[in-house]
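**Student:** 3D model of this:
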Amino acid sequence: METAAGSSGPAAGNTRTTADNEVRELYHALLDGWNRRSAGNMAALFTRDGNSIGFDGSMMNGAAEIESTISLIFSGHQTASYVGIVRSISFPKPGVALLLAVVGMVPPGGSDIKPDVNAIQSVVAVEENGAWRIALLQNTPAAFHGRPEAVEALTGELRRAYHADSV
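**Tutor:** Numbers count the residues shown, from 1 in each chain. Alright, predicted model coming up:
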């Protein structure tokens, strides 16, 4: 797979940089939609038949189901806010991007990352009519069973990102 940094030549570099930035912005818009508790804004970022797999393994299929399910989550209780760090973006073929990120959550009214809900997020984005959309969002708990040092390292990194954003 070719990463944005791995492209060659001036034209490829400019194209990859633009696509990389657009996919990164798409991901940040997703987190922002969650943090603003806007199911409609989140669902609008998905393809019509996009899929989302939640932290607990729940599946949402299609933008309409994503919006209705997330709306129920938001109406049922206060939600924690995401803090995310993009790890990589690659382009296995034109019009397809794979984004890998890590996220932590800050509970409502809280001021620190809650380590037991840290996650790894994978996004498959596709370009449709000149705009990037999410075809798949996968949330996987970053439990790192038997490796407390890995949990501490990720939590520390997410805390630094959270505090840098708060300044």
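**Student:** what pairs with the helix or strand Q138 falls within, and is each one parallel or antiparallel?
**Tutor:** Taking DSSP states H and E as the criterion, Q138 maps to strand 131-141. Strand pairing for strand 131-141, determined by DSSP bridges: strand 46-53 (parallel), strand 119-128 (antiparallel).
**Student:** please convert those to JSON lines, extending it with distance to S68.
**Tutor:** Where C-beta positions appear, they are placed from N, C-alpha and C, glycine not excepted. What follows is the strands paired with strand 131-141, written out as JSON lines (distance: least, C-beta to C-beta, whole Å):
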{"stretch": "strand 46-53", "distance to S68": "12"}
{"stretch": "strand 119-128", "distance to S68": "21"}
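**Student:** export those to a markdown table and tack on distance to S88 and mean pLDDT?
**Tutor:** As requested, those are exported to a markdown table (distance: least, C-beta to C-beta, whole Å; pLDDT from 0 to 100):
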| stretch | distance to S88 | mean pLDDT |
| --- | --- | --- |
| strand 46-53 | 19 | 98 |
| strand 119-128 | 10 | 98 |
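**Student:** in JSON lines, list the ones you listed along with mean neighbour count and distance to R159.
**Tutor:** Shown next, in JSON lines, are the strands paired with strand 131-141 (neighbours: other C-beta atoms under 10 Å; distance: least, C-beta to C-beta, whole Å):
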{"stretch": "strand 46-53", "mean neighbour count": "18", "distance to R159": "26"}
{"stretch": "strand 119-128", "mean neighbour count": "18", "distance to R159": "15"}
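**Student:** which one of the ones you listed lies nearest to T17?
**Tutor:** strand 119-128 (15.1 Å; C-beta to C-beta).
**Student:** just give me how far the closest one sits from the chain centre.
**Tutor:** Relative to the chain's own centre, strand 119-128 is displaced by 7 Å; criterion: C-alpha atoms, centre = their mean, to the nearest Å.
**Student:** mind checking which of the strands paired with strand 131-141 is nearest L31?
**Tutor:** When the strands paired with strand 131-141 are compared by C-beta to C-beta, strand 119-128 sits nearest L31, at 9.1 Å.
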